[in-house]
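Participant: here is the input, now give the coordinates:
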Amino acid sequence: MLWRVDEVSEEMAELLIKNGVVFDPINGVRGERMDICIRDGKIVESLRG
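Facilitator: Now for the predicted structure:
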């Protein structure tokens, strides 16, 4: 299932996707399940707080 976010308000500046399937060929990740943290539209290592 793919999700698309067209607009992100300032109130929703952080998002945590639990147990998502990640493909990242540059880092050798091929379909691994992991948590994905997004802040201000960018993938980050962890969320605040």
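Participant: show me the shaky parts of the chain.
Facilitator: Residues of the chain meeting the criterion pLDDT under 70: 1-12.
Participant: element containing the one residue sitting closest to the centre of the chain?
Facilitator: When C-alpha atoms, centre = their mean is applied to the chain, the residue found nearest the centroid is I36 (3.7 Å). For I36, the host element (DSSP states H and E) is strand 29-39.
Participant: coming back round to it: can you say which helix or strand has the closest residue to the residue nearest to the centre of the chain other than its chain neighbours in it?
Facilitator: Distances taken as C-beta to C-beta, 6 or more residues apart in numbering place I17 nearest to I36, at 4.2 Å, with adjacent residues excluded. Just so you know, the C-beta spots here come from the backbone N, C-alpha and C atoms, and that holds for glycine as well. Assigned by DSSP H and E, I17 belongs to strand 14-24.
Participant: what helices or strands is that strand leaning on?
Facilitator: strand 29-39 (3 or more C-beta pairs under 8 Å, 6 or more residues apart in numbering; DSSP states H and E).
Participant: which residues does the strand it packs on contact?
Facilitator: The contact list for strand 29-39 (C-beta atoms under 8 Å, 6 or more residues apart in numbering) reads 13-23, 43-48.
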